[in-house]
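Participant: All I have is the shape, not the residue letters:
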């Protein structure tokens with residue numbers, strides 16, 4: 001016996017109602033719980049905590065917004081008696097990827113100024129800008145003026161390395177992402193780097209989903225990009241100068257090449273992978289690529305596995321030289337300012 005639409009949607013309807021209730025409870029706890037009271041008062045240094053403060057200050061409103069969304073969806077589902085053709089038409093809209101990519105580009109570009117005030121809040125972002133300024137002088141490291149070298153310990157920030165013998169310092173991160181930022185900054189568009197990479201990630205994900213699900217390519221692609229574009233973490237990160245949007249975009253491009261039927265494009269995959277090792281932290285890309293490369297070994301594709309291994313070894317060796325040049329085991333240890 002065929003169940004009615006309302007019966008089929010009942011579990012999801014209950015889920016939406018429960019999620020709305022849970023969001024309200026979470027917002028109330030974040031606002032009123034005694035454990036967070038000290039976090040609201042920055043005049044109490046021992047009780048105040050940055051993370052508690054941001055939780056109390058901003059999280060309740062996000063949870064209330066989440067509750068409103070789920071409650072609205074709950075009401076819509078309660079009234080749904082017959083199937084509607086609108087979702088199907090929307091999910092099969094041919095130009096949706098372009099519109100979503102443009103929407104992400106605009107939203108994250110505006111958010112870079114409206115939310116983050118075009119300011120680097122975190123040490124990771126600051127060090128990226130530090131390296132961009134060094135690259136702008138066509139160097140990999142920056143020389144510290146002689147008269148300041150006795151005070152280098154007071155001038156340094158975390159993850160910044162100083163060579164006492166040569167009198168230079170550098171970022172502790174590999175310069176791949178900073179190089180991309182440098183290219184954009186040459187045109188005065190440094191703020192647009194992450195939004196552009198986020199928009200490109202949308203288009204790459206759409207192409208990947210269509211190739212992986214050839215039976216319903218348009219539906220698969222549109223669903224995938226909607227899930228990504230509606231992710232708060234994805235949007236918020238694309239408003240910053242963190243390297244994670246570049247990691248996502250680079251990984252999607254790597255996968256796009258890996259599964260492409262064109263042999264030449266497939267053979268470009270490990271070359272791109274060798275470059276991605278130096279994007280920010282050296283371990284990020286290998287963790288993503290390892291299962292795919294090991295699958296070549298498992299399926300006995302010896303020539304392809306050898307080709308990938310060769311380029312990854314070249315990339316690992318090359319970036320290790322840069323990493324060793326940047327990081328502390330070739331540098332002096334931090335010294336206390338006497």
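Facilitator: Great, that's in hand. Not measured: the values here are computed from a predicted model.
Participant: Please make it C-alpha for all contacts and neighbour counts, starting now.
Facilitator: Will do.
Participant: contact partners of whichever helix or strand residue 180 is part of?
Facilitator: Element membership for residue 180, per DSSP states H and E: helix 176-185. For helix 176-185, the surrounding residues in contact (C-alpha atoms under 8 Å, 6 or more residues apart in numbering) are 128-129, 131-132, 135-136, 190, 192-193, 243, 246, 275-276, 278-280.
Participant: Please pull up the helix or strand immediately following that helix.
Facilitator: helix 193-212.
Participant: What are the buried residues along the helix holding residue 180?
Facilitator: For helix 176-185, a neighbour-count test (16 or more other C-alpha atoms under 10 Å) marks 176, 177, 178, 179, 180, 181, 182, 183, 185 as buried.
Participant: Dump those residues to a markdown table, plus distance to residue 256 and pLDDT.
Facilitator: As requested, those are exported to a markdown table (distance: C-alpha to C-alpha, whole Å; pLDDT from 0 to 100):
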| residue | distance to residue 256 | pLDDT |
| --- | --- | --- |
| 176 | 20 | 92 |
| 177 | 20 | 94 |
| 178 | 24 | 93 |
| 179 | 23 | 93 |
| 180 | 20 | 95 |
| 181 | 23 | 95 |
| 182 | 26 | 94 |
| 183 | 24 | 95 |
| 185 | 28 | 94 |
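Participant: ok, of those, which one's closest to residue 319?
Facilitator: In terms of C-alpha to C-alpha, no member of the buried residues of helix 176-185 lies closer to residue 319 than residue 176, at 9.9 Å.
Participant: Surely residue 274 touches residue 309?
Facilitator: No: counting by C-alpha atoms under 8 Å, residue 274 stays clear of residue 309, with 10.0 Å between them.
Participant: who's more crowded, those two?
Facilitator: Legend: neighbour count by other C-alpha atoms under 10 Å for residue 274 and residue 309, higher for residue 274 (23 against 15).
Participant: Other residues contacting the one helix or strand residue 320 maps to?
Facilitator: In this assignment (DSSP H and E), residue 320 forms part of helix 302-326. Under the contact criterion C-alpha under 8 Å, 6+ apart, helix 302-326 has outside partners 161, 170-174, 267, 269-271, 273-275, 277-278, 282, 293-294, 296-297, 330.
Participant: now stretch 252-269
Facilitator: With C-alpha under 8 Å, 6+ apart as the test, stretch 252-269 has contacts from 201, 204, 205, 207, 208, 272, 273, 307, 308.
Participant: The residues you listed into a markdown table, with extra columns for pLDDT and neighbour count?
Facilitator: Formatted as a markdown table, these follow (pLDDT from 0 to 100; neighbours: other C-alpha atoms under 10 Å):
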| residue | pLDDT | neighbour count |
| --- | --- | --- |
| 201 | 97 | 25 |
| 204 | 97 | 22 |
| 205 | 96 | 22 |
| 207 | 95 | 22 |
| 208 | 95 | 22 |
| 272 | 97 | 18 |
| 273 | 96 | 23 |
| 307 | 96 | 15 |
| 308 | 97 | 21 |
